[in-house]
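Visitor: Okay, sequence plus prediction incoming.
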Amino acid sequence: MKKFLSYYRPYLGLFAADMACAFTVSGINLVFPLLIRYITGELLPSGLENVTGPIFKIAAAMVGLTVIEYFCNFFITTAGHIMGAKMEHDLRNEIFEHFQKLSFTYYDNQKTGQIMSRITNDLFEITELYHHGPEDLLISVVKLIGSFIILLTINVQLTLIIFAFIPLMIGFAYYYNRKMRQAFKINRAKIAEINAGIEDSISGVRVVKSFANEDLEMEKFRKNNRRYVETKKNSYYYMGRYHSGINAFNSLIYVAVVVGAALLTGKGRVNTLDLITFLLYINTFLDPIKKLVNFGEQFQNGISGFDRFYEVLQIAPDITDARNAVELKEVRGDICFKDVSFRYSDRSEPVLSKVNLTVKAGEYVALVGPSGVGKTTLCSLIPRFYEVTEGAITLDGRDIRSIKLKSLRKNIGIVQQDVYLFAGTVMENIRYGKPDATEEEVIEAAKKANAHDFIMSLPEGYDTDIGQRGIKLSGGQKQRISIARVFLKNPPILILDEATSALDNESEKVVQESLEALAKNRTTFVIAHRLSTIKNARRILVLAEEGIIEEGTHEELLNRGGLYAQLYQLQFK
């Protein structure tokens, strides 16, 4: 709750004004029945000629109170909602910033749709609680206490009859609020599952259509949707009992007042005016009860969303800067693996075991081997996408764990097989490698990547919108833009992860030329399945399950007749 309440801190002035307006509205609602009681009990019995003036004065006062109530309600609705929107903005900023800190390990086990649900659906319900919750609670408390004090001054016995129901209602509400909270939390998880399914299906829509599996996707969606309806039924069951119970209590209060008034009237303890006043105040009393009912539902919705929000914030990033981490200034690019072992958190078997490797600055090293032996994992350890389980990796003699993450990654460029381009223009995507780059620098990077000519042939050149994930471009074009992005970044260390394996021969030739130009004078790691692309590498490392088992040039490894020779023969048989 301390964390929950902390988001009010930047808006305490606005919050106080919102609460003051809510308090004023509650007070005005309490005053109106008193004024009516005064008119009917004091003025009207004194004769019409004596009451016209006072009645008009009271009417003017009531109009004035109505105007004040209007402006207070206007402030609550506008400024209060704006405060809620600002708090939602702060929450979304915080959770998105936290997502940026989490490592690949977290994302390996999460679905994009579920993450999106936490950022959108959950936060909306939280901010509804932030804005409406306190004011509804304040209005309810003021009206309940105010009406209790006023009714006590009118008739103690009838007041006690009404308020005897309060403990019962509180106990009833507490029990069903707990049930609703559990149900709403399950609902949110099911909504996240639906969002994850939708995101997965839409992202893979081309695969879906190529296999004509629209019916299969629809069935998967219907299945998730049915599960959601079942959980909704459970929550509505508790909600129905909650609302029905509160409404039953409201009706019983009316019955109790009428019966109590009848008994007390017979004994001369209640007069007609007191009974009318009580009946008027029952509405004033029941209104906050209804608000408390809504608050209960709103609270459970909001707090279950906040539980899910807080769950994410409680996940500590497993890869962070060391306390005395330093910035890299001049990087040569010497990289050394010292007895490096690594295993994924959900596996017992290590992916890499006791790897020792030294790569000198500017050296071009190719990594080959069967799938699943850890080639990509080995390279992912250099920018600390994953943390080594044992051993150490050094850059220019310094343990990479003693270097600030941002500084380390700024000096490493990565070109992958699965190129990710952002929705936007060609210019924006290349400039992602260096956000403050000039237009001339972007064009120069594109020329180095052999991308300038095809970019200029696009409808709007560098300002052409390339669609979601660059869908409007071919594979080779996307790859060259990703290479231009790294050229613009200009890092001293380069990782090429099967960068040409998904391309046709013509595109591969152009992209390979771009990659060779990019790798010049940089420490380069190349992961390759197509052995033809690394034949000219001066140093080829062959990885197997037991680690690096062979090392040499293409010719040396072929002559040795080991695993590399087998892979080469299989590929070119």
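Guide: Everything's here; your move.
Visitor: Point to the residue nearest the middle of the protein.
Guide: The centroid of the chain falls nearest to Ile119 when counting by Cα atoms, centre = their mean (2.7 Å).
Visitor: Return the distance of that one relative to Lys111.
Guide: Using Cβ to Cβ, to the nearest Å, Ile119 is found at 13 Å from Lys111. All C-beta atoms are positioned from the backbone trio N, CA, C, and that covers glycine.
Visitor: What of Thr231?
Guide: For Thr231, the distance to Lys111 - Cβ to Cβ - is 18 Å.
Visitor: same deal with Lys375?
Guide: On the measure of Cβ to Cβ, Lys375 and Lys111 end up 26 Å apart.
Visitor: Which one's more surrounded, those two?
Guide: Just comparing Lys375 and Lys111: by other Cβ atoms under 10 Å the higher neighbour count belongs to Lys375, 24 against 16.
Visitor: Tell me if I'm right that the more buried one and Gly369 touch.
Guide: Yes - at 5.9 Å, Lys375 counts as touching Gly369 under the criterion of Cβ atoms under 8 Å.
Visitor: Touching both of those two, which residues are there?
Guide: Listed contacts common to Lys375 and Gly369 are Leu543; contacts here mean Cβ atoms under 8 Å, 6 or more residues apart in numbering.
Visitor: Sketch out the low-pLDDT regions of this structure for me.
Guide: Applying pLDDT under 70 to the chain flags the ranges 41, 44-51, 203-207, 209-211, 266, 293, 346-347, 500-507, 573.
Visitor: how about the residue nearest to Leu34 when sequence neighbours are not counted, what does it touch?
Guide: With Cβ to Cβ, 6 or more residues apart in numbering as the criterion, Leu34 has its nearest non-adjacent residue at 6.7 Å, and that residue is Ile150. Applying Cβ under 8 Å, 6+ apart, we find Ile150 in contact with Leu30, Pro33, Leu34, Tyr281.
Visitor: The second one: neighbour count?
Guide: Pointing back at Pro33 there. 20.
Visitor: Contact partners for it?
Guide: Ile150, Thr277, Leu280, Tyr281, Thr284.
Visitor: could you redo the residues you listed as TSV and give each row distance to Glu460 and secondary structure?
Guide: Below are the contacts of Pro33 laid out as TSV (distance: Cβ to Cβ, whole Å; DSSP: H, G, I helix; E, B strand; the rest coil):
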residue	distance to Glu460	secondary structure
Ile150	72	helix
Thr277	75	helix
Leu280	70	helix
Tyr281	70	helix
Thr284	65	helix
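Visitor: Can you tell me which of those is closest to Tyr432?
Guide: Tyr432 has its nearest neighbour among the contacts of Pro33 in Thr284, at 60.4 Å by Cβ to Cβ.
Visitor: surely that closest one meets Leu30?
Guide: Yes - the criterion here is Cβ under 8 Å, and Thr284 meets it with Leu30 at 6.5 Å.
Visitor: Can you pull the residues that touch both of the two?
Guide: Lys143, Ser147.
Visitor: Distance to Gln300 added to the contacts of Pro33, as CSV?
Guide: Shown next, in CSV, are the contacts of Pro33 (distance: Cβ to Cβ, whole Å):
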residue, distance to Gln300
Ile150, 32
Thr277, 35
Leu280, 32
Tyr281, 29
Thr284, 26
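Visitor: Which one of these sits in the busiest neighbourhood?
Guide: Counting by other Cβ under 10 Å, top hit in the contacts of Pro33: Tyr281 with 25 neighbours.
Visitor: so what's that one up against?
Guide: Applying Cβ under 8 Å, 6+ apart, the residues near Tyr281 are Pro33, Ser147, Ile150, Leu151.
Visitor: in the protein, which spans are strands?
Guide: Secondary structure of the chain (DSSP state E): strands located at 335-342, 352-359, 364-368, 390-395, 398-399, 412-416, 493-497, 523-527, 539-544, 547-552.
Visitor: looking at those strands, which is closest to Leu158?
Guide: Closest among the strands of the chain, using Cβ to Cβ: strand 335-342, at 75.8 Å.
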